[in-house]
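Q: Model the following, please.
(2 chains)
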Amino acid sequence: MRCAKFEDWIQKKLDGELEAGQQVPLEEHLKTCERCRRALADYEGLARMLKATAPAECEPLAASVLERIEAERPRRVRLAFRFALTVAAAVVFSFVLLAVVRRARTPHEPAVAREETQKGVEVPSLSELLAMEPPSVLDDSTQILAENLETLKKDADTAGKTILDVFEEIQRGIPLI
Amino acid sequence: MTDAELVACAQQGSDNAFEELVRRHEGNVYRVAKRILPNYEDARDVAQETFLRTFRSLDRLDPTRPIEHWLLAVTVNLCRSTLRKRRPSLELVHVEEPAAPADADAPALAALNEALVALPPKYRIPIVLFHQEGKSCEEVAALLGASSNRVRTWLHRGRRMLRDAMLRKGFSPGGRS
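A: Prediction:
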């Protein structure tokens, strides 16, 4: 058997994985092959030297690690605060929208209806207004509000609730910090 | 307290428990990092970052599993990232001599350390984990995300390169004159 084959077996021996049937043939080969004998001796010497080396110890890390952890904590609190502000802004916007909706339901409608009726113009009711497509009814400045209102109305209808119910649920559901 | 109890306490928010975990394992973490990375600053940074990542991932840790496995895996991955970022010409800067035992051949150990540092990382890391940290081929394979056969190939090539480097420097690891 050629030395290249025994070189592989030497590596397996260093891995601790030489098979039972390979041990004796390897030993017999090593008795007669100085090249392989030197190689095994060198590898075993390397393994001993590698195990013998130990790096110098470093300074304790605990203090510096905990300092970094503390330094990161205020950033996380600021992020949470910013999130809370964003949520609060969304709540305020929702109440503004609610105020717009309530205003649309109040006595202004009859006055507008009376005035327009006097002019001979047919005035749609609020439910008819809500049922219409927003761009055909409202001007550009209130289109965004109307679209939001439409979305809220659809959500409410799907859940079998009124828009007021939805707003109250939003208020209750937002986590306060 | 056992490591499992410390992890559980740390998961409940105890900084003292986490600090104790760091104190217990900082030596091992730093040793592995220093064996893979020749630079003291890099090894210390990796060791510190290992514990920071462990802190950030506390919720994901299973207290019933040995934390050494987690720490070793994170350390090895951070070392590999550090080596990928560094250009090969910078790896030999700030190479420090290993701490040699009293009866060791200091020049030979220094030559071995230089040869180990000069090995490509894909050979150096398995050599460190197998010969210096006492991990099996299967454990090294699991840490590196490679097959056991691939790890054996890397070990064999790494050993040959170390032996060749030592012989070129005039050192015989096998001890012959």
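Q: B:S172 and chain A, how far apart?
A: Remark: distance between B:S172 and chain A (C-beta to the nearest C-beta, to the nearest Å) = 7 Å. Yep, even glycine has a C-beta here, placed from its N, CA and C like the rest.
Q: Name the SS class of A:P60, please.
A: For A:P60, the assignment made with DSSP: H, G, I helix; E, B strand; the rest coil gives coil.
Q: thought it was touching B:E26?
A: Yes: judged on C-beta atoms under 8 Å, A:P60 makes contact with B:E26 at a distance of 6.5 Å.
Q: Of the two, which one has the most company?
A: Each of A:P60 and B:E26 has its neighbours counted (other C-beta atoms under 10 Å in any protein chain shown); B:E26 has more, 22 against 13.
Q: Sticking with that one, tell me its helix or strand.
A: helix B:15-36 (DSSP states H and E).
Q: Just after that helix, pick out the following helix or strand.
A: helix B:40-56.
Q: Can you list the buried residues in that following helix?
A: Buried positions in helix B:40-56, judged by neighbour count with 16 or more other C-beta atoms under 10 Å in any protein chain shown: B:40, B:42-44, B:46-52, B:54-55.
Q: Check the burial of the closest residue to A:K13 other than its chain neighbours by counting its neighbours.
A: Excluding its sequence neighbours, the residue lying closest to A:K13 (C-beta to C-beta, 6 or more residues apart in numbering or on different chains) is A:L26, at 6.9 Å. Close neighbours of A:L26, defined as other C-beta under 10 Å, add up to 19.
Q: low-confidence ranges in the chain?
A: If you meant another chain, say so; for now it's chain A. Residues of chain A meeting the criterion pLDDT under 70: A:1, A:74-85, A:105-144, A:146, A:170-177.
Q: The chain in question should be chain B.
A: B:87-104, B:176-177.
Q: where along chain A do the helices fall?
A: For chain A, applying DSSP state H gives helices covering A:3-15, A:20-32, A:34-52, A:62-105, A:108-118, A:126-131, A:134-137, A:143-159, A:163-173.
Q: nearest residue to the residue of chain A found nearest chain B other than its sequence neighbours?
A: Residue nearest to chain B within chain A: A:A41 (3.0 Å; C-beta to the nearest C-beta). Closest residue to A:A41 apart from its sequence neighbours, by C-beta to C-beta, 6+ apart: B:G174 at 3.0 Å.
Q: near chain B, which residues of chain A?
A: By C-beta under 8 Å from any C-beta of the partner chain, the part of chain A that sits against chain B consists of A:8, A:11, A:14-15, A:17, A:38-47, A:49-62, A:64-66, A:68-69.
Q: repeat that with 7 Å
A: A:11, A:14-15, A:38, A:41-43, A:45-47, A:49-58, A:60-62, A:64-66, A:68-69 (C-beta under 7 Å from any C-beta of the partner chain).
Q: OK, contacts around A:D165?
A: A:A156 (C-beta atoms under 7 Å, 6 or more residues apart in numbering or on different chains).
Q: On the three-state scheme, the residue nearest to B:V7 when sequence neighbours are not counted is what?
A: Spatial nearest neighbour of B:V7, chain neighbours left out: B:P63 (4.2 Å); criterion: C-beta to C-beta, 6+ apart. Three-state assignment for B:P63 (three-state DSSP): coil.
Q: show me the contacts for B:P63.
A: Here B:P63 is in contact with B:A4, B:V7, B:A8 (C-beta under 7 Å, 6+ apart).
Q: could you redo the last one with a cut-off of 8 Å?
A: Residues near B:P63 by C-beta atoms under 8 Å, 6 or more residues apart in numbering or on different chains: B:A4, B:E5, B:V7, B:A8, B:Q11.
Q: same check, this time on A:E169
A: Counting by C-beta under 8 Å, 6+ apart, the residues that A:E169 touches are A:K161.
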